[in-house]
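Peer 1: Take this sequence and fold it.
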Amino acid sequence: MQRKIASLMLPAAAAVLAACAMPYAAHAAGANAGTAAARNEAITRRHFAALVAGSEPRLAELTMFFTMMPKGGDLHHHYSGALYAEQYLEWVDQQHYCVNRASYRIETNQATVAAEQAKPAAERACLTGQQVMGDNTLLAQVLQHWSDKDFYNHSGNQSPPDRQFFDTFAYFGPVSSTNARDGLQRLKQRAIQENLSYIETIFELAPFTHNDDFDRDALAHGVTDAALEAYSAQLEHEQGYQQWITSYLDNLKTGSAGIDDEQFTMRYQPFVLRFLSPSQVFASMVASFKLAAMSPQIVGVNIVGQESVHVSMRDYAMHMQMFRFLKAKYPAVKLALHAGELALGMVPPEGLTFHIQDAVEVAGASRIGHGMDIAHETNPLAIMKTMHDKGIAVEVNLSSNDFILGIKGAAHPVTLYRKYGVPFVLATDDAGVSRNNLSGEYVLYAARYRPDYAEVKKLSYDSLRYAFLAPADKQRLLKALDGRFARFEAAIAAAEPKRK
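Peer 2: Next comes the predicted model:
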């Protein structure tokens with residue numbers, strides 16, 4: 001009888017012991033996983049330190065490292081400038097346009113295009129995109145006009161770098177707002193290829209209209225809240241303008257269909273052109289804020305255009321007042337403003353003293369694009385303290401800052417932002433024009449400033465932390481980034497030669 005009771009008790013005792021052991025086993029497995037993750041991160045840290053050590057950073061290895069490394073987001077990204085010229089040549093044919101072989105400009109008049117195509121091939125002054133692609137010499141010339149390609153490695157007649165950069169948009173402009181679905185899909189696939197999970201793109205110009213009376217008063221006397229209120233009310237009754245807002249939203253919905261998935265997310269900013277007339281700029285701002293309030297896909301508003309040209313400089317303070325007025329009406333709408341994209345000598349010295357400050361303190365910007373003139377602003381330490389305290393991040397674009405402004409290395413104000421604790425992120429600006437990608441921007445940063453691995457990893461996370469994403473989307477992407485970094489570090493550790 002006792003033997004029978006003992007035999008009945010043995011399975012029960014085993015079950016109890018097994019149950020007691022399960023939490024320990026789970027804890028041990030978790031501890032082992034944690035230990036492995038910490039080991040992989042330590043190996044990756046040592047590996048990266050070796051890549052940036054010495055007098056010459058190991059650029060090829062850095063390129064591979066950053067191509068593999070997960071990059072959270074690209075927060076300063078112009079849709080039209082991100083697409084490479086080769087894609088625009090495809091769209092030339094899809095729109096039945098042609099490219100003038102002498103001026104390199106796109107001809108859109110259908111009668112002219114048809115007449116050119118009726119000529120023998122050798123006599124055509126205007127070629128299809130495919131014909132351009134098939135002529136190596138002409139293709140090289142088109143790329144030199146439609147991007148920054150070859151600017152520094154040939155001796156042809158060229159514009160100054162800033163004009164070269166900004167003039168490219170006029171060449172491909174006739175097709176840049178066509179085929180949005182194709183363009184966004186291409187950008188998505190390119191992002192996934194370099195392990196980038198989020199793009200916040202400055203998508204297309206916001207709708208606008210024109211008012212001579214408003215322009216006259218604004219230029220003579222400045223703008224008041226009463227004048228802005230009156231013009232805002234008038235815009236509500238302009239049918240063509242309101243229809244354009246509706247069409248903009250429809251185009252975004254159609255073009256972005258199927259973009260978001262578990263691998264990749266994209267959000268959008270309409271933009272304002274700062275060198276238009278005051279009435280056009282304000283109407284475009286109103287449309288931008290309305291669009292952001294209407295669609296969860298539109299997460300912010302921006303102002304773009306060369307900051308050093310006459311109208312941009314003349315009207316800068318006025319534009320910030322306009323943003324202040326609309327920000328009060330739409331407090332939930334975020335602003336990521338291009339500000340301080342200037343260098344000493346581009347404009348009179350007083351023009352360098354207030355752009356970032358006004359963007360932060362008057363307009364209420366949540367992020368600053370470029371922020372290059374901070375050292376020349378009237379009170380740079382106070383501005384940077386405000387940006388630090390409020391978490392106003394700077395979007396740093398190393399390639400375009402170098403090309404347009406001639407500022408790089410120790411002269412770049414990212415050194416100031418690092419020193420004074422201003423948050424910043426790395427971004428591409430116009431990858432198609434600059435012929436670069438985000439991995440390349442990380443390579444430049446690592447080679448020039450020799451950060452440690454913790455800093456570059458933080459830059460990746462910060463590019464999501466400072467994104468204008470909805471909280472749930474931000475948490476989803478940050479959690480996914482944890483897993484992607486774990487896999488990346490495991491791959492680096494597995495490939496690292498074993499220490500004896």
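
Peer 1: who are the neighbours in contact with the closest residue to Gly421 other than its chain neighbours?
Peer 2: Nearest in space to Gly421, with sequence neighbours left out and distances taken as C-beta to C-beta, 6 or more residues apart in numbering, is His388 at 4.7 Å. For every residue, glycine as well, the C-beta is placed using N, CA and C. His388 sits next to 420-423 when contact means C-beta atoms under 8 Å, 6 or more residues apart in numbering.

Peer 1: Also His47?
Peer 2: Counting by C-beta under 8 Å, 6+ apart, His47 makes contact with 65, 492, 496.

Peer 1: Ramachandran coordinates for Arg105?
Peer 2: Backbone torsions for Arg105, taken as degrees, to the nearest 10, come to phi -100, psi 160.

Peer 1: again, but for Val309
Peer 2: Main-chain dihedrals, Val309, degrees, to the nearest 10: phi -80, psi 160.

Peer 1: Ok, Thr201 next?
Peer 2: phi -100, psi 140.

Peer 1: was I right about it contacting Phe271?
Peer 2: No: contact criterion C-beta atoms under 8 Å: Thr201 and Phe271 do not qualify, at 10.0 Å.

Peer 1: Neighbour count for these two, which is higher?
Peer 2: More crowded of Thr201 and Phe271, by other C-beta atoms under 10 Å: Phe271, with 26 against 23.

Peer 1: re the thing from before, now, which of the contacts of His388 sits nearest Met372?
Peer 2: In terms of C-beta to C-beta, no member of those lies closer to Met372 than Val422, at 13.2 Å.

Peer 1: where are the low-confidence patches of the stretch 101-250 of the chain?
Peer 2: Where the stretch 101-250 of the chain drops to pLDDT under 70, the residues are 153-158.

Peer 1: before we move on, what SS does Tyr231 have?
Peer 2: helix (DSSP: H, G, I helix; E, B strand; the rest coil).

Peer 1: on that earlier part again, of the contacts of His388, buried ones?
Peer 2: For these, a neighbour count by 16 or more other C-beta atoms under 10 Å gives the buried set as 422-423.

Peer 1: nearest to Gly72, of the contacts of His388?
Peer 2: Pro423 (13.4 Å).

Peer 1: quick one: the closest one and Asp389 touch, right?
Peer 2: No: using C-beta under 8 Å, Pro423 is not in contact with Asp389; the gap is 10.8 Å.

Peer 1: Kindly give the local confidence score, pLDDT, for the residue nearest to Gly421.
Peer 2: As predicted, His388 sits at a pLDDT of 98.

Peer 1: And for Phe275?
Peer 2: Phe275 is assigned 95 on the pLDDT scale.

Peer 1: That one: how many residues sit nearby?
Peer 2: 17.

Peer 1: show me the contacts for it.
Peer 2: By C-beta under 8 Å, 6+ apart, the contact list for Phe275 reads 305-306, 309, 311-312.

Peer 1: Kindly write the PyMOL command that selects the buried subset of those.
Peer 2: Command for PyMOL that selects the buried part of these, burial taken from 16+ other C-beta under 10 Å:
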select buried, resi 305+306+311+312
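
Peer 1: can I assume Ser232 is in contact with Ala287?
Peer 2: No: in this structure, Ser232 is not within contact of Ala287 by C-beta under 8 Å, at 11.0 Å.

Peer 1: Break this structure down into its domains, please.
Peer 2: 71-75+180-487, 80-174 (automatic domain parsing).

Peer 1: Quick one: those domains as CSV, columns for distance to Leu51 too.
Peer 2: What follows is the domains of the chain, written out as CSV (distance: least, C-beta to C-beta, whole Å):
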stretch, distance to Leu51
domain 71-75+180-487, 7
domain 80-174, 25
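
Peer 1: Tell me if I am right that Thr209 is in a helix.
Peer 2: No: Thr209 sits outside any helix when classified using three-state DSSP, being coil.

Peer 1: Okay, it and Asn397: tell me how far apart.
Peer 2: Going from Thr209 to Asn397 by C-beta to C-beta, to the nearest Å gives 31 Å.

Peer 1: Ok, Asp358 next?
Peer 2: Applying C-beta to C-beta to Asp358 and Asn397 gives a distance of 20 Å.

Peer 1: Tell me which of the two has more neighbours.
Peer 2: The neighbour count for Asp358 versus Asn397, taken as other C-beta under 10 Å, is higher for Asn397 (26 against 21).
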